[in-house]
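S.K.: Task: produce atomic coordinates for the following.
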Amino acid sequence: MTQGAAIIGMPPWLQTPAGRYLLEWEQAQLDHAVVDLFGFHAVQLGWPFAQGLRANRMPHRWMLDDGRFDPAIARPPYSGVDADKGARCVTVLSEFDALPFPAQSLDLVVLPHALELARDAHHTLREVERVLVPEGRVVVIGFNPTSLWGLRQRFGQLGSSLGLGSLFLPEANSLIGYWRLRDWLKLLSFEIDTGRFGCYRPALSSQKWLDRLAWMDKTGDRWWPVLGAVYMLVAVKRVRGMRLIGLARKKKVVVPAAPAVIANSQVPLHTLEQTLQDLAPLAQDPPH
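M.R.: Residues are numbered from 1 along each chain as shown. Got it, this is the predicted structure:
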């Protein structure tokens, strides 16, 4: 299967039982991750099948589209009006590795599978770091290559190259592992905030069997949490040497005390008494 054929097949695959199962988990995680993030400007890069900014309340929100998917099929959730909030979400046509935003201008960037579909995942992450303000957040969703789905995908790639099978997932450039992505983000001065895995059921196309194996989600989340088919990661941009301070307050100027005059202890006592006697008349009858 060629890359172009796989991309065309993405919307139909998301209508399958496995695709709906995936989108349901991703939408729930995105809503929970962004609902309490505040700021002014938020952007989602690609993957218009999930509404990554639906639960967020920032006043300015954009959906960046690189023209990869057919708008008539892939963009109903972003047709201009958010059905839940009624707030307009503007769609912008742009490449992911050349974001049309100034440096340090965005508070939130959401990347659902954008790194897997980008021409250069490293360059896309560097662009995200550039446009985020200090303490801004990035939310990344990706397929986990070390999972049942990832294993099925690798066998499918091997069989497809030999003409003996087909792919389970629509093909992307490459699947980026969770720990590998953490290392990339740390190199860009991001601090990992939260991360979790999901979709532990096997790579099946039958709704009947997916329903029967629903117990695997709770069990997998407890006993083999890093083997989920998909992961979500939230990271915060840190700037070294930056420190948040409060209001500057004026400090009280402390005036040093004047030195006290101390009588010379070496002066004889009778000399001091004679001096006081000489000054006494002046104190009683001051000169005019």
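S.K.: pLDDT averaged over the longest helix along the chain, what's the number?
M.R.: When the chain is parsed with DSSP state H, its longest helix is helix 17-34. Averaging pLDDT along helix 17-34 gives 95.
S.K.: swap in stretch 100-113?
M.R.: 95.
S.K.: what distance separates it from the centre of its chain?
M.R.: Relative to its parent chain, stretch 100-113 has a centroid offset of 10 Å by CA atoms, centre = their mean, to the nearest Å.
S.K.: what comes up buried for that stretch?
M.R.: The neighbour-count check on stretch 100-113 (16 or more other CB atoms under 10 Å) flags 101, 106-113 as buried. Every C-beta, even on glycine, is put in place using the N, C-alpha and C of the backbone.
S.K.: any chance of the residues you listed in JSON lines, plus distance to residue 182?
M.R.: Shown next, in JSON lines, are these (distance: CB to CB, whole Å):
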{"residue": "101", "distance to residue 182": "25"}
{"residue": "106", "distance to residue 182": "21"}
{"residue": "107", "distance to residue 182": "22"}
{"residue": "108", "distance to residue 182": "19"}
{"residue": "109", "distance to residue 182": "17"}
{"residue": "110", "distance to residue 182": "18"}
{"residue": "111", "distance to residue 182": "14"}
{"residue": "112", "distance to residue 182": "18"}
{"residue": "113", "distance to residue 182": "17"}
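S.K.: which element is residue 62 on?
M.R.: Residue 62 belongs to strand 60-65 when assigned by DSSP states H and E.
S.K.: Just the CA atoms from that strand would do, formatted as PDB, please.
M.R.: Coordinates of each C-alpha in strand 60-65 appear next as PDB, following Å, rounded to 0.1, in the frame of the first residue of the first chain:
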ATOM      1  CA  HIS A  60      -8.900  32.600  19.800                       C
ATOM      2  CA  ARG A  61      -8.600  29.100  18.400                       C
ATOM      3  CA  TRP A  62      -7.400  27.800  15.000                       C
ATOM      4  CA  MET A  63      -7.400  24.500  13.200                       C
ATOM      5  CA  LEU A  64      -4.300  24.100  10.900                       C
ATOM      6  CA  ASP A  65      -4.900  22.000   7.800                       C
END
